[in-house]
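Participant: Could you look at this predicted model? Sequence included:
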Amino acid sequence: MKTKYFLLLAVIVAVSSAMVVAAAPPAGNATISGKVTYTGTPPKMKPIDMSKEPSCAKQHATPVMTQNVVTGPGNALEYVVVYISAGDQGSTPGTKTVEYDQKGCEYIPHVAVMQPGQPLEIKNDDQTAHNIHPLAKVNQEWNKSQPPGTAPIETKYDKPERIPVKCNIHPWMHGYFVIVNTSHYAVTGNDGSFKLADLPAGKYTVTAWQEQYDAQSQEVTVGAGETKNITFTFKALPY
Amino acid sequence: MRRIASTLVLMFAAVVLLLFTTGSPCFAQIDHNIKPVNAKADSHVGGLTGEASGEAQGGLVLYRRFCVGCHGPAGDGVGENAQWIDPKPRDFTLAVFKCRSTPTGTLPTDEDLFNAVTRGFDTTNMPSWRPLTEQQRANLVAAVKSFSPRWQSEKPGTPITIPAETPINIESVLRGRALFQKMECWKCHGPAGHGDGPSASTLTDSKDNPIRPYNFSTGTRFKCGETNQDLYKIFMTGLDGTPMPSFADVLKPEEGWDLVHFLRTLQPLNTQEASLWKAYAAAHSSEIKPIGPDSGAGGSK
């Protein structure tokens, strides 16, 4: 008698555990991937003269190049932010600290992507002072000095925006904070490729943004477990 | 005689008619219809409440009389005079202001705006509006706030605490000099504060207009005031919209006062700091290391 009840209880527990697992949000397993390329002739990147800041100049055996249009093999475009701009599902909140470093009088990474509210940590690893001046228009514009050896600046942004970042002391330094409302984003590397993974099945608008060529969007529908390949092509001009 | 007179009258009438119909510059149609985002904006300064609306002396009526020429009907700093003046008039639609008592990135208090309107901005085309009554100036503050939606979604920042000024003595001045070196102020302001540092010629404001750092050797009044407290606030809150950052996170309050005391020695004014420095420099000239790159003046890194 007791054994029967025990078995019944065990079955109920097993079934309800299975139900709990099944009731969790479906982990997406579709992927949108592809490449960002250009047609036409892009501008030539120019070497940066850092002679006014010897402590940085000496860190570079060859001069650093400007980064407004960085290209790679096969007409690839680097530093393009590709993200889901509409129809987003299954995004995870941004909790990992995004790091932004000033090193050799350059911003590393050149483009930092984050979600609203995501912690951003800005460090100065140079022997010279920098001032961090993100030129926000939707979020608040602020400007802080960061001498060498001082604590990192911890901050965050609340609204989606593409914010140019500059240092007034070193006018060649240009970077971007890109705040997007999704965890499904990627920044292309030198081969121009990107991959947006872990997507639930659905219809999405994918946007690609490059700092000089602005943004383009495409609509992509993916089924469960499907991988779709798309390309973005920007028209480049020599200036 | 009569024929000549009537001909002259006819010619005069013809000229007047021509002027009215051909739209010569004398009768150009400039739109002075003020376009606030929030006409109900108000301000609180001391015991006064200022209003943007109001038919007789409301802030926007006064704005149309005194401000629109430079700051523009939409408050965006592109009034008809703006093209000929430098620095450009403030763009109120961005709600970014230089002279505040609040931290960088935050809105100024109504009192900050009141003081700015009252004081004017030395060395620019923004005059002092002291001849207007305090109520009128409070109304103008409300008008300034009517041009940006930011005032409706955000509260002004919390004004920074300015501790009592530390004693003015040569030790404070010397510590301030070391800070001027270490914080690298000289990179823009120059080793002697002449506004000729290595980065000075490349500076642009947040609208990409060229801008020069303050030249202490002119002795002109700072745009944000003339007291030591005003000077302290400048680098402890930063001048938003310009290359001048806030040092609030990297300077202790007493260090701020040391820097203030040193900066006074760069100006050709009869200050206590200046005379202390003069006496010191005369007696210790060989010990004073010049400010600049790789100088041991600050004992930094």
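Facilitator: Okay, I see it.
Participant: How many residues are close by the nearest residue to residue A:69 once chain neighbours are set aside?
Facilitator: What sits nearest to residue A:69 in space, not counting adjacent residues and going by CB to CB, 6 or more residues apart in numbering or on different chains, is residue A:42, at 4.8 Å. Using the backbone N, CA and C atoms, a C-beta is placed for each residue, glycine as well. Neighbour count of residue A:42, defined by other CB atoms under 10 Å in any protein chain shown: 21.
Participant: So residue B:179, which state does it fall into?
Facilitator: Following DSSP: H, G, I helix; E, B strand; the rest coil, residue B:179 is assigned to helix.
Participant: got the residues of the stretch 151-300 of chain B near chain A?
Facilitator: B:182-184, B:187-188, B:198-199, B:202-204, B:206, B:238-250, B:293 (CB under 8 Å from any CB of the partner chain).
Participant: list the contacts for residue 94?
Facilitator: You didn't say which chain, so I picked chain A. Under the criterion of CB atoms under 8 Å, 6 or more residues apart in numbering or on different chains, the contact partners of residue A:94 comprise A:114-118, A:183.
Participant: Oops, wrong one, chain B.
Facilitator: Applying CB under 8 Å, 6+ apart, the residues near residue B:94 are A:137, A:141, B:148, B:241.
Participant: how about a cut-off of 6 Å?
Facilitator: By CB atoms under 6 Å, 6 or more residues apart in numbering or on different chains, residue B:94 lies in contact with nothing.
Participant: Please report the distance of the spatially most central residue of chain A from residue A:135.
Facilitator: Taking CA atoms, centre = their mean, the centroid of chain A lies closest to residue A:113, which sits 3.0 Å from it. Distance of residue A:113 to residue A:135, computed by CB to CB, to the nearest Å: 17 Å.
Participant: for residue B:166, same thing?
Facilitator: 35 Å.
Participant: residue boundaries of the helices in the stretch 51-200 of chain B?
Facilitator: Here the stretch 51-200 of chain B has its helices, by DSSP state H, counting those that start in this stretch, at B:59-66, B:68-71, B:110-119, B:134-145, B:150-153, B:170-182, B:186-189.
Participant: which bits of chain A sit near chain B?
Facilitator: Proximity of chain A to chain B, by CB under 6 Å from any CB of the partner chain, involves residues A:52, A:127, A:129, A:131, A:135, A:140-145, A:147-148, A:150, A:168-169, A:171.
Participant: what about 10 Å?
Facilitator: Counting by CB under 10 Å from any CB of the partner chain, chain A comes close to chain B at A:51-55, A:127-137, A:139-151, A:153, A:155, A:164, A:166-172.
Participant: Take those residues and keep only those in helices.
Facilitator: A:54-55 (DSSP state H).
Participant: Which helix runs longest in chain B?
Facilitator: helix B:2-22.
Participant: immediately after it, which helix or strand?
Facilitator: On the C-terminal side of helix B:2-22, the nearest following helix or strand under DSSP states H and E is strand B:42-45.
Participant: Between the two ends of stretch A:140-156, how far is it?
Facilitator: 11 Å (CA to CA, to the nearest Å).
Participant: just how off-centre is it within its chain?
Facilitator: Taking the mean of its C-alpha atoms, stretch A:140-156 sits 20 Å from the chain's own mean (CA atoms, centre = their mean, to the nearest Å).
Participant: Now do the domain split for chain B, please.
Facilitator: Annotated domains of chain B cover B:42-153, B:170-298 [automatic domain parsing].
Participant: so can I have JSON lines of these showing mean pLDDT?
Facilitator: As requested, those are arranged in JSON lines below (pLDDT from 0 to 100):
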{"stretch": "domain B:42-153", "mean pLDDT": "96"}
{"stretch": "domain B:170-298", "mean pLDDT": "95"}
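Participant: As JSON lines, the helices of the stretch 51-200 of chain B with mean neighbour count would be great.
Facilitator: JSON lines is the format used below for the helices of the stretch 51-200 of chain B (neighbours: other CB atoms under 10 Å in any protein chain shown):
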{"stretch": "helix B:59-66", "mean neighbour count": "21"}
{"stretch": "helix B:68-71", "mean neighbour count": "20"}
{"stretch": "helix B:110-119", "mean neighbour count": "22"}
{"stretch": "helix B:134-145", "mean neighbour count": "25"}
{"stretch": "helix B:150-153", "mean neighbour count": "14"}
{"stretch": "helix B:170-182", "mean neighbour count": "20"}
{"stretch": "helix B:186-189", "mean neighbour count": "24"}
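Participant: out of these, which comes closest to residue A:90?
Facilitator: helix B:150-153 (30.1 Å; CB to CB).
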